[in-house]
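Enquirer: What would the 3D arrangement of this be:
(chains A, B, C and D)
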Protein chains: 2
Amino acid sequence: MERSAKQGIRAVAAEAGVSTASVSRALNNPDSVSAPLRARIARAVETVGYIPHAPARELASRRSRTLGAIVPTIDNTMFARGIASLQKYLSSVGYMLFLTTSGYDLDAELEQARNLVSRGVDGLVLRGDCHHDGLRKMLADYSVPFINVGIYRPDRPYPCVGTDNEAAAHRAALHVIELGHRRIGIVSALQRNNDRASARVAGFRRAMAEHGIKMPPQWHVEVPYTLDDAREAARYLLGLKDRPTAVVCGNDVIAYGVLLEAERSGFSVPDDLSVVGFDDLDWSRHLRPSLTTIHVPTGDTWQRAGEYLVRHLAGEQTIMHHEVDYSLIVRESTASPTRSSK
Amino acid sequence: MERSAKQGIRAVAAEAGVSTASVSRALNNPDSVSAPLRARIARAVETVGYIPHAPARELASRRSRTLGAIVPTIDNTMFARGIASLQKYLSSVGYMLFLTTSGYDLDAELEQARNLVSRGVDGLVLRGDCHHDGLRKMLADYSVPFINVGIYRPDRPYPCVGTDNEAAAHRAALHVIELGHRRIGIVSALQRNNDRASARVAGFRRAMAEHGIKMPPQWHVEVPYTLDDAREAARYLLGLKDRPTAVVCGNDVIAYGVLLEAERSGFSVPDDLSVVGFDDLDWSRHLRPSLTTIHVPTGDTWQRAGEYLVRHLAGEQTIMHHEVDYSLIVRESTASPTRSSK
DNA sequence: GCCTAGTATGTAACCGTTTTCAAGAAATTC
DNA sequence: GAATTTCTTGAAAACGGTTACATACTAGGC
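Expert: Numbers count the residues shown, from 1 in each chain, chains lettered A, B, ... in the order given. Take a look at the predicted model:
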């Protein structure tokens, strides 16, 4: 109530009868100020009802305690989960999250990244390894650290955390091969601008190649991330005169579609057709038959990405490439092809 | 390259040989500057590789072109969809979204709101009408506009956009009553701090009361938002000696659980048991039997919330209470109770 | 041709913090 | 007890923009 008690930190300073510098110190680094002063300032903050103005703080300190994340879409359970987990972790360490989406468009991703940098994020979490050429340069120019999440590429000079999708997919395909299948189809997600999808396809194909299995090209179908599209793909595959005895899928949603359509078309899973998914969503263990799939700890992965950046920003030394384990969960949707075909 | 070409807008100004004021004007209000100057500045921006510093801009202009949203959790398809839609819209009009979660905890929500205000958001999108007492006061103190989304309460003095959950639930219950059911159970979401869940329960009960139906208290079960919990609830209900012939559910996930468990326990849906959901998620039309449910245009709703705030912030006059239509989608999971019981 | 109104640009104060630097007080050393 | 170090605190300069105000110029109107 003295004079010049305009607002913000000066109001607090005036109320406590100290300088703004002391208030700032008391708030950001309590130990750097004497106990009585600290108490007096705390009281002043209380009576004034002071809420610090983050933009001003960012401007002065060049730190925002904010991370940005760009995902293709939130409308995908895996990303939603990852984001939820990341957000929760960041919140627990006093960080905030700026979330944007790219819709699998590399230009849009770059645009969003520029936006986030403009917004002053301290670091960026990116999905996968497949980005616009200019993206890394821009981030380097503005020295904004980033991490690629959901992939594991120790050969790259920038950090990442995730599972080795190629290896996991290889494991999934191996499972049906070991069951005795030789006639294996693939229903994958769209591979364009999606390293995860293509790594999985690569893993499937490697497993087959290693076992001398040749797959007719028409046995590989790519579909968007919806039940409807997956069902349509399944309808096509099952309608072929010469059809596979097993289908490995790029993700669980696709596998659900295949399962539903197989049932609808009168095929029995796993007797007539084995189906393998990837992701282990909730439904996988509830379905009838339950779905054999690859389990990936998505929440963990994204949290780790956050941890990496937070540590890195705190100046701590951390490992750049973190591999997250996957595991094959065998359930009811896979079996030997004995009954139906050779 | 002259002198004092430090960085930021001053670097651009130096490069173009103009004042910082002109650069600022050229960027924010192109018409207020002559064409040649505008061109020269554009070129300078290009060569310098200038990205404006949003925090500084916010500090000076007291506008952030950023909205905040607080949802209970992203790990719920409905919220994920809503957020996706809101984010997409905001992005299209040059706004950004700060996303945080409260976990259905009112104190946490207040805390997050404080955080967002501190961050300088221009407006806030809140889930529902059930908030901490101090929240509205705080937002008023800092004159941050907000809107409650997912509910319709024209009696309130603050804006909202959403469906009338009570009425929609009433409609759902009415459907099974009209089919002839008199023995109706409820499996709802947890009502604590969740106005949506309680409005739906209220709607169910009103429909029953209006038709003179008395429901034994043990026929109402509350469960968390997971398939497992819903199945457990169904197991309990179906295990009762005296059991309902129809179950109305607080949301689709719960309904899925009931459907799965009924099948598992040897009950036929809809012959032995009718099931109604709420939300109309993807799975509802794919399941066997497909689920009768209430369709709610979530994406629209959230986008509208964004539109309201953006308009409001632009000084336009807009309606405060916007009702979003719901509709009953009748599918295979409901039928008359003729066969099984009186 | 002079005055006025209008337009295009520049000058500099300000937004609300942090942080460097300096100064004074207290504690330590010899 | 003087000199040195260490601790606290305050004064004031950034941080990178926006914008009110001032100024120089242009064009009309008489």
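Enquirer: got the domain boundaries for chain A?
Expert: A:8-52, A:65-163+A:298-325, A:165-295 (automatic domain parsing).
Enquirer: Just the mean pLDDT for the longest one, thanks.
Expert: Which is domain A:165-295. Mean pLDDT, domain A:165-295: 96.
Enquirer: Quick check: closest non-adjacent residue to A:Q191.
Expert: Using C-beta to C-beta, 6 or more residues apart in numbering or on different chains and skipping residues adjacent in sequence, the residue nearest A:Q191 is A:S198, 4.3 Å away. The C-beta positions use only the backbone N, C-alpha and C, and glycine is treated the same way.
Enquirer: Sorry, slip of the keys, the one I care about is A:L240.
Expert: In space, and not counting its chain neighbours, A:L240 is closest to A:Q218: 7.0 Å by C-beta to C-beta, 6+ apart.
Enquirer: What is the neighbour count of the one you found?
Expert: A:Q218: 11 surrounding residues under other C-beta atoms under 10 Å in any protein chain shown.
Enquirer: now A:R153
Expert: By the measure other C-beta under 10 Å, the count of residues near A:R153 is 19.
Enquirer: Also A:L313?
Expert: 15.
Enquirer: Was I right to think it contacts A:P145?
Expert: Yes - using C-beta atoms under 8 Å, A:L313 is in contact with A:P145, at 6.9 Å.
Enquirer: Quick check: neighbours shared by those two?
Expert: A:D122, A:G123 (C-beta atoms under 8 Å, 6 or more residues apart in numbering or on different chains).
Enquirer: tell me how far stretch A:269-285 is from the chain's mean position?
Expert: 22 Å (C-alpha atoms, centre = their mean, to the nearest Å).
Enquirer: ok, that stretch near chain B or not?
Expert: Yes - judged by C-beta under 8 Å from any C-beta of the partner chain, stretch A:269-285 and chain B are in contact via A:D282, A:W283.
Enquirer: what's the first-to-last distance across that stretch?
Expert: Stretch A:269-285 has an end-to-end distance of 15 Å (criterion: C-alpha to C-alpha, to the nearest Å).
Enquirer: Would you mark the buried spots in that stretch?
Expert: Across stretch A:269-285, burial judged by 16 or more other C-beta atoms under 10 Å in any protein chain shown covers A:269-270, A:272-281, A:283-284.
Enquirer: what's the answer for stretch A:60-77, then?
Expert: Neighbour-count burial for stretch A:60-77, with 16+ other C-beta under 10 Å as criterion, is recorded at A:64-77.
Enquirer: mind checking how far that stretch is from the chain centre?
Expert: That offset, for stretch A:60-77, works out to 12 Å (C-alpha atoms, centre = their mean).
Enquirer: likewise stretch A:234-251?
Expert: 28 Å.
Enquirer: Kindly report the same for stretch A:244-263.
Expert: That offset, for stretch A:244-263, works out to 23 Å (C-alpha atoms, centre = their mean).
Enquirer: again with stretch A:69-87
Expert: With C-alpha atoms, centre = their mean, you get 6 Å for stretch A:69-87.
Enquirer: Extract the C-alpha trace of it and format it as PDB.
Expert: What follows is stretch A:69-87 as a C-alpha-only set of coordinates in PDB (Å, rounded to 0.1, in the frame of the first residue of the first chain):
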ATOM      1  CA  ALA A  69       5.800 -32.800 -27.900                       C
ATOM      2  CA  ILE A  70       4.800 -33.400 -31.400                       C
ATOM      3  CA  VAL A  71       2.800 -36.600 -32.100                       C
ATOM      4  CA  PRO A  72       1.200 -37.600 -35.400                       C
ATOM      5  CA  THR A  73      -2.200 -37.700 -33.700                       C
ATOM      6  CA  ILE A  74      -3.700 -38.000 -30.200                       C
ATOM      7  CA  ASP A  75      -6.500 -40.200 -31.600                       C
ATOM      8  CA  ASN A  76      -4.400 -43.300 -31.200                       C
ATOM      9  CA  THR A  77      -4.400 -45.100 -27.900                       C
ATOM     10  CA  MET A  78      -0.700 -45.600 -27.900                       C
ATOM     11  CA  PHE A  79       0.100 -41.900 -28.300                       C
ATOM     12  CA  ALA A  80      -2.600 -40.900 -25.900                       C
ATOM     13  CA  ARG A  81      -1.100 -43.200 -23.300                       C
ATOM     14  CA  GLY A  82       2.400 -42.000 -24.000                       C
ATOM     15  CA  ILE A  83       1.400 -38.400 -23.700                       C
ATOM     16  CA  ALA A  84      -0.600 -39.000 -20.600                       C
ATOM     17  CA  SER A  85       2.400 -40.600 -19.000                       C
ATOM     18  CA  LEU A  86       4.800 -37.900 -20.100                       C
ATOM     19  CA  GLN A  87       2.500 -35.200 -19.000                       C
END
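Enquirer: what about that stretch and chain B, touching?
Expert: Yes - residues of stretch A:69-87 contacting chain B under C-beta under 8 Å from any C-beta: A:T73, A:I74, A:D75, A:T77, A:A80, A:R81, A:I83, A:A84, A:Q87.
Enquirer: Need the three-state assignment for the residue nearest to the last one when sequence neighbours are not counted.
Expert: Spelled out, that is A:Q87. In space, and not counting its chain neighbours, A:Q87 is closest to A:L97: 5.0 Å by C-beta to C-beta, 6+ apart. Following DSSP: H, G, I helix; E, B strand; the rest coil, A:L97 is assigned to strand.
Enquirer: The residue of the stretch 151-300 of chain A found nearest DNA strand C and A:Q317, how far apart?
Expert: Minimum separation of the stretch 151-300 of chain A from DNA strand C (C-beta to the nearest atom of the strand) falls at A:P159, amounting to 25.1 Å. Separation of A:P159 from A:Q317 (C-beta to C-beta, to the nearest Å): 12 Å.
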